[in-house]
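Trainee: sharing a model prediction with you, sequence too.
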2 protein chains.
Amino acid sequence: MKITEMTQSLILHFGEMGSKWGLNRTLGQMYALIVLTEEPLNADQISDALQISRSNVSMGLKELKSWNLIKLQHIQGDRKEYFTAPSDIWEIARTLVVERRKRELDPTLSMMRDVLLSEASNEADEYTQKRVKEMHDLMEMVTLWSNELQSMSSEKLSALLKLGEGISKILDVKDKLLSSK
Amino acid sequence: MKITEMTQSLILHFGEMGSKWGLNRTLGQMYALIVLTEEPLNADQISDALQISRSNVSMGLKELKSWNLIKLQHIQGDRKEYFTAPSDIWEIARTLVVERRKRELDPTLSMMRDVLLSEASNEADEYTQKRVKEMHDLMEMVTLWSNELQSMSSEKLSALLKLGEGISKILDVKDKLLSSK
DNA sequence: CTGAATTTTCAGTAATTTCTGAAAATTGTA
DNA sequence: TACAATTTTCAGAAATTACTGAAAATTCAG
């Protein structure tokens, strides 16, 4: 498993970024390798290419599976397991958003609900609940969006993102539609 | 500086989440305390409330400043520096999105541009560039959005988020408007 | 079934990140 | 300007997280 210089530098970069995202260096490198390589890869190839232990690869793959970021593939006449990333980059992005939401928002949303159900017995708690309520409502909306993204086709997602700065105009149009009813 | 049980449990939770976000436990706790407390807090109060060293608070505040997440305030007749979070929760959210974009997307975007400018000297690199191009274009659109969010008022942002599942319909409306031209 | 190939687990170690106390730097007032 | 109050810095210690090799578990062809 030889790696071109181009891929090598991308892998290093994604390794660094990996830790800024919820992953870690090795996971970032592994996924970069898988995404940027056309052919399916097995664990030994990954271990070899990234110079990390076979067991580390195994744990990394487990993690990537739990993120739904890789697809398992079998190759005729080969007993090893091979992995690829989805060919549609939008699918990867969608998965990332949804999985991060699960990990970063859902637990907080649920604990905030508990706080909002409890009784505020003094002024400080009243202020706290007010703030929590605002955060809760905001995060709930983000969650709704994330669900919406999850169910959108890549084409639709792409169209939505392409709106870019046009989004303000769309909002205005919507207001007009509503007010003219 | 006494903390109610409610705030205490929120602080602990945000501490845990802090590491899942780009921050770390202490930073998460510190920001939770500041956001959930109505009064401005000084470093000693934070150190005391969270049971962490004064120097750790100093470093945490420095980090929160670099994220633009806190506001410095002076209290008449007191030489200490006091800190608060923005009172508008939307402003906090907007700042978070923008700052995370700066840290998580911008560097990658720039390195991808370099890769795209370089010459692919073999088939593997051609595939790699194709993938990089797709990722680049996607991330660039996300960046455009993030810029757009940055310049939107809290009201407009709120309206946009409230669209929630309505976003698909809006897209359809936009298509109709365009095709009827 | 058997056993070789492959993958997973896990305890110990290595690397990284976070935290602290002491000292240095800065700030503001008298 | 002098100095006490306050904040910042930073080297080393503590805590956390990531990685490895060896062993256990699983898988599957014959």
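Mentor: That came through, no problem. Model, not experiment: these values are computed from the prediction.
Trainee: helices or strands next to the helix or strand hosting residue A:116 in the packing?
Mentor: Following DSSP states H and E, one finds residue A:116 within helix A:106-117. Under the contact criterion of 3 or more C-beta pairs under 8 Å, 6 or more residues apart in numbering or on different chains; DSSP states H and E, helix A:106-117 touches helix A:123-150, helix B:5-20. Glycine gets a C-beta too; all of them are placed from N, C-alpha and C.
Trainee: need these in CSV with mean neighbour count, distance to residue B:83 and mean pLDDT, can you?
Mentor: As requested, the helices and strands packed on helix A:106-117 are exported to CSV (neighbours: other C-beta atoms under 10 Å in any protein chain shown; distance: least, C-beta to C-beta, whole Å; pLDDT from 0 to 100):
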stretch, mean neighbour count, distance to residue B:83, mean pLDDT
helix A:123-150, 17, 15, 94
helix B:5-20, 18, 16, 96
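Trainee: so which of those comes closest to DNA strand D?
Mentor: With C-beta to the nearest atom of the strand as the criterion, DNA strand D lies closest to helix B:5-20 of the helices and strands packed on helix A:106-117, at 5.2 Å.
Trainee: do the closest one and DNA strand D meet at all?
Mentor: Yes: on the criterion C-beta under 7 Å from any atom of the strand, helix B:5-20 is in touch with DNA strand D at residue B:19.
Trainee: related to what we said a few turns ago, distance to DNA strand C for the helices and strands packed on helix A:106-117 - can I get that in TSV?
Mentor: Listed next are the helices and strands packed on helix A:106-117 as TSV, based on distance: least, C-beta to the nearest atom of the strand, whole Å:
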stretch	distance to DNA strand C
helix A:123-150	23
helix B:5-20	7
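Trainee: can you list the domain ranges for chain A.
Mentor: Domain segmentation of chain A under automatic domain parsing yields A:5-84, A:89-160.
Trainee: if we compare these, which one ends up closest to residue B:41?
Mentor: Closest to residue B:41 of the domains of chain A is domain A:89-160 (C-beta to C-beta; 12.5 Å).
Trainee: any idea how far residue A:147 is from residue A:95?
Mentor: Between residue A:95 and residue A:147 the computed distance is 13 Å (C-beta to C-beta, to the nearest Å).
Trainee: cheers, nothing more for now.
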